[in-house]
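Peer 1: coords please:
(one chain, ligands or ions: 2)
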Amino acid sequence: DSRIEVDNIRKTFNQGEVVACEDISLDIAADEFVVFLGPSGCGKTTTLRCISGLEQPDDGSIRIDGEDVTTDKPKDRDLAFVFQSIALFPHLSVRENIRFGLDMKTDLSKEEKRERVEEVAEMLDIGELLDRKPSALSGGQQQRVSLGRAMVMNPAAFLLDEPFSALDAQLRDQMRTEVKRLQRKLGTAMIFVTHDQEEAMTLGDKIVVMDDGHIQQVGNPHEIYNDPENVFVARFIGSPSINELEGSVTDTSDGLVVSTDLFDVEFAESAAQSANVSRGDRLTLAVRPEHLDLQPETSLFEADVELVEPHGARDAVYLTESGINLAATVNQGVLSGERDRVSVDIDRENVWLFDERGQRII
Ligand code: ADP
Ligand code: MG
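Peer 2: Ligands and ions are numbered 1, 2, ... in the order given. Got it, this is the predicted structure:
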């Protein structure tokens, strides 16, 4: 059963002029790692603040362990918040910073508090730093101390709002792996906010993709990548970005034919029936870069290679033809010469169609 249940919350600002989030419903299991993913301004922080109690939703309810906490103060919700900006007390030692929240608790002895601080410091690998001041720590160490402050409280869930965005790329990757490992070890629910799709994919058991105040899709990382429900999700996930071509339905007599400026694609009759389209309908055809084949047996179209971009084991290849730009990926070194002309085929099993409202129909 769920530890946190968010039921249809809505939050507006400026007398209802700004709808920060709306129709937000979510179940979060007791041991689940949930990521809120979406562009800046889409309502991630507001949703998280409503769950934490820092913000009061206009509508909807929030339950923790079955109990309605919608109007409870943050301190009565048994949740721990870790913010983007590291907010340690500069005049307190690491030990005192970590112990800070515990000092309010009267049900623990001094000895128990000391033990808990040291245990957490050990888990975070900052046991050696307990007597230092925050100014004598690196950025990564400081963020570990913030995590430690949350962990000693032994909360029902952790809420983290872009906690690593101030760290450099390498440290961010390292902290990511550590947080995931820690969450597995603690078995405590975590809600992690990020605008970074790679961070979301590596961390989340469940990813909640948001845009414009609304949830666009909820799924595990593979579902979000392999089975996007709409064009926003398809576009937001994946690097290089998914290729999109404007197309229209040119035949429905025997299967379904969609024509673009570069090529026609025929879909099987079964797919055509479920898609429920008619001749002349405008569609967006989309295919991920890895589903373009640049060494094909049969050529669907030809294109100029504009740029080959090394990405380690795979290279990204940027193609152009008739004013349309496409991205493909190939194994490292397969295509050395830029300004080549190449034949291209696409994997028919992995071509998606989106209707004019952006909903996926195939
Ligand atoms: P995110 O965290 O995804 O970047 P936010 O939840 O911070 O998005 O913001 C969602 C929307 O609500 C934005 O348009 C933002 O400007 C607006 N907003 C957030 N907080 C406030 C506030 N306190 N007052 C007015 N508008 C706000
Ligand atoms: Mg935010």
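Peer 1: C-alpha only now, for contacts and for neighbours.
Peer 2: Will do.
Peer 1: residue contacts, Arg348?
Peer 2: Val265, Phe267 (C-alpha atoms under 8 Å, 6 or more residues apart in numbering).
Peer 1: any idea how far Asn230 is from it?
Peer 2: 19 Å (C-alpha to C-alpha, to the nearest Å).
Peer 1: same deal with Ala200?
Peer 2: Taken as C-alpha to C-alpha, the span from Ala200 to Asn230 is 18 Å.
Peer 1: have a look at those two and say which one is more surrounded.
Peer 2: Using other C-alpha atoms under 10 Å as the criterion, Ala200 and Asn230 rank with Ala200 on top: 25 against 18.
Peer 1: check what pLDDT the more buried one gets.
Peer 2: Looking at Ala200, its pLDDT reads 97.
Peer 1: pretty sure it belongs to a helix, no?
Peer 2: Yes: assessed by DSSP: H, G, I helix; E, B strand; the rest coil, Ala200 belongs to a helix.
Peer 1: and the nearest residue to it once chain neighbours are set aside, what's its pLDDT?
Peer 2: What sits nearest to Ala200 in space, not counting adjacent residues and going by C-alpha to C-alpha, 6 or more residues apart in numbering, is Val35, at 5.9 Å. Here the pLDDT value assigned to Val35 is 98.
Peer 1: tell me which element Val35 falls in.
Peer 2: Following DSSP states H and E, one finds Val35 within strand 33-37.
Peer 1: quick check, that strand touching ligand 1?
Peer 2: No: judged by C-alpha under 6 Å from any ligand atom, strand 33-37 makes no contact with ligand 1; its nearest approach is 8.0 Å.
Peer 1: likewise for stretch 192-212?
Peer 2: No: judged by C-alpha under 6 Å from any ligand atom, stretch 192-212 makes no contact with ligand 1; its nearest approach is 7.6 Å.
Peer 1: that stretch: end-to-end distance?
Peer 2: The first-to-last residue distance of stretch 192-212 comes to 18 Å (C-alpha to C-alpha).
Peer 1: check stretch 194-208 too.
Peer 2: Termini of stretch 194-208 sit 10 Å apart (C-alpha to C-alpha).
Peer 1: contacts for that stretch?
Peer 2: Here stretch 194-208 has contacts from 32-40, 161-162, 176-177, 180, 215-221, 224, 236-238, using C-alpha under 8 Å, 6+ apart.
Peer 1: which ChimeraX command selects the buried ones in these?
Peer 2: In ChimeraX syntax, the buried subset of these is picked out as below (16 or more other C-alpha atoms under 10 Å):
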select :32,33,34,35,36,37,38,39,161,162,176,180,215,216,217,218,219,220,221,224,236,237,238
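Peer 1: so which of the contacts of stretch 194-208 sit within helices?
Peer 2: Arg176, Thr177, Lys180, Pro221, Ile224, Phe236 (DSSP state H).
Peer 1: state the pLDDT value of the third one.
Peer 2: On pLDDT, Lys180 comes in at 94.
Peer 1: how about it, what does it touch?
Peer 2: Contacts of Lys180 (C-alpha under 8 Å, 6+ apart): Leu203.
Peer 1: how far away is Ala327 from Val344?
Peer 2: In terms of C-alpha to C-alpha, Ala327 sits 11 Å off from Val344.
Peer 1: neighbour count for these two, which is higher?
Peer 2: Ala327 (25 against 19).
Peer 1: confirm that that one sits in a strand.
Peer 2: Yes: assessed by three-state DSSP, Ala327 belongs to a strand.
Peer 1: how about it: which residues does it bridge to?
Peer 2: Tyr318 (DSSP bridges).
Peer 1: check whether Glu290 sits in a helix, strand or coil.
Peer 2: helix.
Peer 1: that one contacts Asn331, correct?
Peer 2: No: Glu290 is beyond contact range of Asn331, at 10.0 Å (criterion: C-alpha atoms under 8 Å).
Peer 1: and those two? Which one has more around it.
Peer 2: Between Glu290 and Asn331, Glu290 has the larger neighbour count (other C-alpha under 10 Å), namely 19 against 13.
Peer 1: how about the strands in the stretch 201-350 of the chain?
Peer 2: Using DSSP state E, counting those that start in this stretch, the strands assigned to the stretch 201-350 of the chain run over residues 206-211, 214-219, 243-251, 256-260, 264-267, 282-287, 292-293, 301-311, 314-321, 324-331, 341-346.
Peer 1: do you know which of those strands lies nearest Glu17?
Peer 2: strand 214-219 (15.9 Å; C-alpha to C-alpha).
Peer 1: and the angle from that closest one to strand 33-37?
Peer 2: 140 degrees (axes from the mean of the first three to the mean of the last three C-alpha atoms, to 10 degrees).
Peer 1: strand 214-219 pairs with which strands?
Peer 2: Applying DSSP bridges, one finds strand 214-219 paired with strand 206-211 (antiparallel).
Peer 1: tell me the average confidence for the partner strand?
Peer 2: Mean predicted confidence for strand 206-211 is 98.
Peer 1: where's that strand relative to the chain centroid, distance-wise?
Peer 2: Mean-position distance between strand 206-211 and its chain equals 6 Å (C-alpha atoms, centre = their mean, to the nearest Å).
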